[in-house]
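# Next input, structure requested:
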Amino acid sequence: MSLSTHGLFEALVAVHIAAGAPGLVGFWVPTFSKKGGPSHRLWGRIFAVSMLIAGAAATAMATMSVLAPMTTHPHLVGHAEFGDPQVVRAIFGWMMVYLAILTINLAWYGWSCVRNRGDHAKNRAPLNMALQAILFVAALNCAVRGVMAGQLLMVGISFVGFATVATNLWFMLKLKPRPVEWLLEHIKGIVGTGISVYTAFFAFGAVRLLPEAALTPALWSVPLVVGLSLIIYHQQKVLRRFRRPAAASAPPGSIQTGPTGPTRTAPTPSPAE
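This is a model prediction of the structure:
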């Protein structure tokens, strides 16, 4: 027996939750664990993979909401604000498509930055470049649909996508980025993914329990404020570490990587010298 449209939608919701839940929890392990340590690497991979799967499921869910807004959201039929199919199509369809693509873009980009740290040219691989173009189109569509639906939130949130594409390309198209830059971009991509998924969790999760709260500014601002604070904190921490003179913290004769590249500290003179 084939699944109904609503049944298929609910199945995708289940996949989305099953994939996203480990990421929601696991996000905090690499955020606060020792950078580069076993826990950081393990949970970082778990977070990235879970967000890619959850983002793919969310894209499918949002596409179904565009095609059949009230069939996928029958609990909103007759609702004072979301009973209009065009509103559901705009908010839970087009804007969700955009946020799902934003999540996929940032998760893949943040993961790529660390995997390609030894070969920057790989950051310009066709898939990574295509994701920037897809996100730009999704953000533009979100803004246009927001204007058409009179939803200023859609217009405002679209600028996150434009900024993401611009800063991603700024790094990707550099011929010789500084050694520290891949790490700064990795932080931006992974924490940015966390902002995106927690925004969806709070805002769109609320529509299933309390639809009136789905567009509450607080639900959108809390993940953004917390996430941006984490990005700034960790990036500044990395920059301070790279600004320290290599000789001050490195064993004599070791090779250290600083903002300008690898350097070797001076060996300790022997007693005969």
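# Where does the prediction get shaky in the stretch 151-273 of the chain?
The stretch 151-273 of the chain contains residues with pLDDT under 70 at 203-215, 218, 245-273.
# Mind doing that once more with 50?
Along the stretch 151-273 of the chain, segments meeting pLDDT under 50 span 246-250, 252-273.
# what are the ranges of the strands in it?
Taking DSSP state E, counting those that start in this stretch, the strands of the stretch 151-273 of the chain run over residues 255-258, 261-264.
# mind checking which helix or strand the closest residue in space to Ala21 that isn't next to it in sequence is in?
Closest residue to Ala21 apart from its sequence neighbours, by Cβ to Cβ, 6 or more residues apart in numbering: Ser50 at 8.0 Å. Where you see a C-beta, it was placed from the backbone N, CA and C, and this is true even at glycine. Per DSSP states H and E: Ser50 is located in helix 38-67.
# mind exporting the next helix or strand after that helix as PDB, just the C-alpha atoms?
Counting by DSSP H and E, the next helix or strand C-terminal to helix 38-67 is helix 69-72. Taking C-alpha atoms only, helix 69-72 is exported to PDB below (Å, rounded to 0.1, in the frame of the first residue of the first chain):
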ATOM      1  CA  PRO A  69       0.600  23.100   1.900                       C
ATOM      2  CA  MET A  70      -2.600  22.100   3.800                       C
ATOM      3  CA  THR A  71      -2.300  18.400   3.100                       C
ATOM      4  CA  THR A  72       1.100  18.400   4.800                       C
END
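# outside of helix 69-72, which residues touch it?
Helix 69-72 is contacted from outside by 5-6, 9, 61, 64-65, 76-77, 85-86, 88-89, 92-93, using Cβ atoms under 8 Å, 6 or more residues apart in numbering.
# what does stretch 136-144 give?
Here stretch 136-144 has contacts from 94-95, 97-98, 101-102, 154-155, 157-162, 165, using Cβ under 8 Å, 6+ apart.
# List just the nearest of those to Cys113.
Cys113 lies nearest to Val165 out of the contacts of stretch 136-144, by Cβ to Cβ, at 15.2 Å.
# Can you give me every residue that contacts the closest one?
132, 135-136, 139.
# mind redoing it with 10 Å?
Contacts for Val165 (Cβ atoms under 10 Å, 6 or more residues apart in numbering) come out as 102, 105, 131-139.
# Equivalent analysis for Thr59, please.
For Thr59, the contact set (Cβ under 10 Å, 6+ apart) comprises 12, 16, 96-101, 103-104, 138.
# what sits against the most centrally placed residue in the chain?
Taking Cα atoms, centre = their mean as the criterion, Thr193 is the residue nearest the geometric centre of the chain, at 1.8 Å. For Thr193, the contacting residues are 23, 27, 47-48, 51-52, 55, 102-111, 227, by Cβ under 10 Å, 6+ apart.
# Could you tell me how far it is located from Thr199?
Distance check for Thr193 against Thr199: by Cβ to Cβ, to the nearest Å, it reads 11 Å.
# what sits in contact with each of those two?
Common contacts of Thr193 and Thr199, defined by Cβ under 10 Å, 6+ apart, comprise 102-103, 227.
# Among those, which one sits closest to Ser39?
Of the shared contacts of Thr193 and Thr199, the one sitting nearest to Ser39 (Cβ to Cβ) turns out to be Gly227, at 20.8 Å.
# thought the closest one was touching Val191?
Yes. Here Gly227 reaches Val191: they are 5.5 Å apart, a contact under Cβ atoms under 10 Å.
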